[in-house]
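A.B. asks: A structural model of the following input is requested.
(one chain, ligands or ions: 1)
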Amino acid sequence: MTDRHFDAVIVGAGFAGMYMLHRLRTMGFSARVFEAGSGVGGTWYWNRYPGARCDVESMEYSYQFSDELEQEWKWSERYAAQPEILRYANHVAERFDLRRDIQFDTRVKAAVYDDPTGRWLIELADGAKVTAAYCIMATGCLSSTNTPNFKGLDAFKGPCYHTGRWPHEGVDFTGRRVGIIGTGSSAIQSIPIIAQKAKHLFVFQRTPNYAVPARNAPMDPEFERRFKANYAQLRAKAKQARTGNLYPISEKPALEASEEERRLEYQARWDKGGLGFIGSFADLLFDKAANDTATEFIRSKIREIVHDPEVAKTLSPHSVVGCKRLCIDTGYYETFNRPNVSLVDVSTSPIEKITENGLEANGKEYELDAIVFATGFDAMTGALFRIDIRGIGGQALKAKWSAGPRTYLGLATAGFPNLFTITGPGSPSVLSNMLPSIEQHVDWIADCMGHMRNRGLTRIEATVAAEDAWVAHVNQVAERTLFPSCNSWYLGANIPGKPRVFMPYLGFPTYVQKCNEVVRNGYEGFRLSEK
Ligand code: NA7
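C.D. replies: Model (predicted):
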């Protein structure tokens, strides 16, 4: 490939990269997307494990930039499964003719800012180089998989799979002894399905997780019709909520309700299914005593569902609910009543090693034909650090963020002019509905580039002062919540050696207001210049 120059290079062809490309092209900018996968869809391209499904309702988990797209696409279920979301991503790529500016099977190796020319030099894995005025990271929050460094990792003679890199042709577990490591959302979705096929499924659980039923169902045509008739109003209403979702968040504190009132509310939300459970009361994420009332309710459900009291006890978390992302399940706890499923508690003594024939834990060898790693991701910063990103004076992003990510609005970082991160650390991202968050970021970046072009400006950089103030604010907001109290990937606590810093920002509407204010005040907190 010959060296070429673009107005913008976009890294990643998930929902963020696709819309960024569309916006920039519509504005007459030249843009090139580089994508490591062979197709569009990002998260939904890679996460093909059995049962992979979005935990946000499908009518809300979609783009809103095109009325026609919104009206013509038909979701078949309340929560869309991975294949359907991937079909949607492909439909968007076709409808807006995106593929001609996306280069697939191309990993970006390095992105280096060249001060004298004010250009980003992007190096691809095959050694080819291109330059760009702007470098936009659309690398996703959960795209760099985490496989713990177990002793003997290469010793196992059977196949190993990671939920986040599932084979495209699928895996048939019929008649096989399968071990799954992890009980996060990916495991909770896949365990019930793998158990239906496997001869025996061993679930290696280090920390139990809270799961609430999804109550997935085929799309109700009347619900869809009403939703589509009021799409604009409903989208606007969702944007007023802390998470950018439509599920109602009660204004009443849990401890102001009577025990019976609480029970009825939790039961109603449990019956309705989905993430809305966490909105049962206003203070569940802020007051431990309030949260305890919700966790006791879920534990009582686990005791009701799971027949063996010892297994029910091992499956019952005692941490804060919602502190790690709440899991949405279909038949998860019920699966532990099957005779071919065993729960192995590895909370007190870790998995010792992977062996030729399986896995050793609690001083015992489990013989397995296949191992599934449902061990999550190096979230939010992992995908950025896999690229050698260097700013002014050759400073590495990884070095600058060695004590935790430092951004202004999760969009930019001082010392790295003309570099934008879509749903970067310090923005609502994973604490919000990702699609509206992505669109808000893309629109902000595109408008900013338009503003710069109209005024003959070529360089934008966040100031250190604005960045410091924003990082402090993100922390203050997190400290008012119960989020810092558990070892979640929001805090980087799932990756050994990663600094413990709360990365996302809680509060979609406040965040949007702040971004808009920054623009109204002439890009306050940024330094804009002609060179
Ligand atoms: P998660 O939620 O990070 O879950 C990973 C799971 O793997 C979790 O249960 C971990 O236990 C477990 N794990 C990780 N390392 C180990 C080791 N060394 N030994 C045993 N168990 C381990 O990832 P998911 O893919 O399920 O979900 C990610 C997000 O995708 C989810 O939040 C949704 O937003 C969608 P731990 O809790 O760390 O003790």
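A.B. asks: Without its sequence neighbours, what residue ends up closest to the closest residue to the ligand within the stretch 101-250 of the chain?
C.D. replies: Among the residues of the stretch 101-250 of the chain, G184 lies closest to the ligand, at 2.1 Å counting by C-beta to the nearest ligand atom. (C-beta placed from N, C-alpha, C; glycine too.) Distances taken as C-beta to C-beta, 6 or more residues apart in numbering put G376 closest to G184, at 5.5 Å, once the chain neighbours are dropped.
A.B. asks: Could you pull up the residues touching that neighbour?
C.D. replies: Residues near G376 by C-beta atoms under 8 Å, 6 or more residues apart in numbering: 142, 145-146, 164, 182, 184, 186, 489, 494.
A.B. asks: tell me the SS of G140?
C.D. replies: Recorded secondary structure, G140: coil (DSSP: H, G, I helix; E, B strand; the rest coil).
A.B. asks: looking at it, it is touching G12, isn't it?
C.D. replies: Yes. Using C-beta atoms under 8 Å, G140 and G12 qualify as a contacting pair, with a distance of 6.1 Å.
A.B. asks: shared neighbours of those two, anything?
C.D. replies: Residues touching both G140 and G12 by C-beta under 8 Å, 6+ apart: 42, 383.
A.B. asks: This structure against the ligand: which residues are in contact?
C.D. replies: 142, 148, 163, 181-187, 206-207, 325, 346, 350-351, 374-377, 489, 494 (C-beta under 6 Å from any ligand atom).
A.B. asks: Please work out the residue of the stretch 301-450 of the chain nearest to the ligand and name it.
C.D. replies: Counting by C-beta to the nearest ligand atom, the stretch 301-450 of the chain gets nearest the ligand through G376, at 2.6 Å.
A.B. asks: State the phi and psi torsions of that residue.
C.D. replies: The phi and psi torsions at G376 (degrees, to the nearest 10) take the values phi 80, psi -150.
A.B. asks: now the helices for the stretch 251-400 of the chain?
C.D. replies: 259-272, 288-305, 309-315, 332-335, 382-385, 397-400 (DSSP state H, counting those that start in this stretch).
A.B. asks: Make TSV from these and add mean neighbour count and mean pLDDT to it.
C.D. replies: TSV is the format used below for these (neighbours: other C-beta atoms under 10 Å; pLDDT from 0 to 100):
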stretch	mean neighbour count	mean pLDDT
helix 259-272	15	98
helix 288-305	18	98
helix 309-315	16	98
helix 332-335	22	98
helix 382-385	22	97
helix 397-400	16	98
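A.B. asks: Which residues in the longest helix seen in the chain does the neighbour count mark as buried?
C.D. replies: Of all the segments of type helix in the chain, defined by DSSP state H, the longest one is helix 434-454. Counting neighbours by 16 or more other C-beta atoms under 10 Å, one finds that the buried residues in helix 434-454 are 434-442, 444-446, 448-449, 452.
A.B. asks: what about dumping the CA coordinates of it to CSV?
C.D. replies: Extracted C-alpha coordinates of helix 434-454, given in CSV (Å, rounded to 0.1, in the frame of the first residue of the first chain):
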residue,chain,number,x,y,z
MET,A,434,-23.4,2.7,24.6
LEU,A,435,-25.2,3.6,21.4
PRO,A,436,-26.4,7.1,22.4
SER,A,437,-23.1,7.7,24.2
ILE,A,438,-21.2,6.8,21.0
GLU,A,439,-23.4,9.1,18.9
GLN,A,440,-23.0,12.0,21.3
HIS,A,441,-19.2,11.6,21.2
VAL,A,442,-19.1,11.2,17.4
ASP,A,443,-21.3,14.3,17.0
TRP,A,444,-19.2,16.3,19.4
ILE,A,445,-15.9,15.3,17.6
ALA,A,446,-17.4,15.9,14.1
ASP,A,447,-18.8,19.3,15.1
CYS,A,448,-15.4,20.2,16.6
MET,A,449,-13.6,19.3,13.4
GLY,A,450,-16.1,21.4,11.4
HIS,A,451,-15.6,24.3,13.8
MET,A,452,-11.8,24.1,13.3
ARG,A,453,-12.1,23.9,9.5
ASN,A,454,-14.4,26.9,9.3
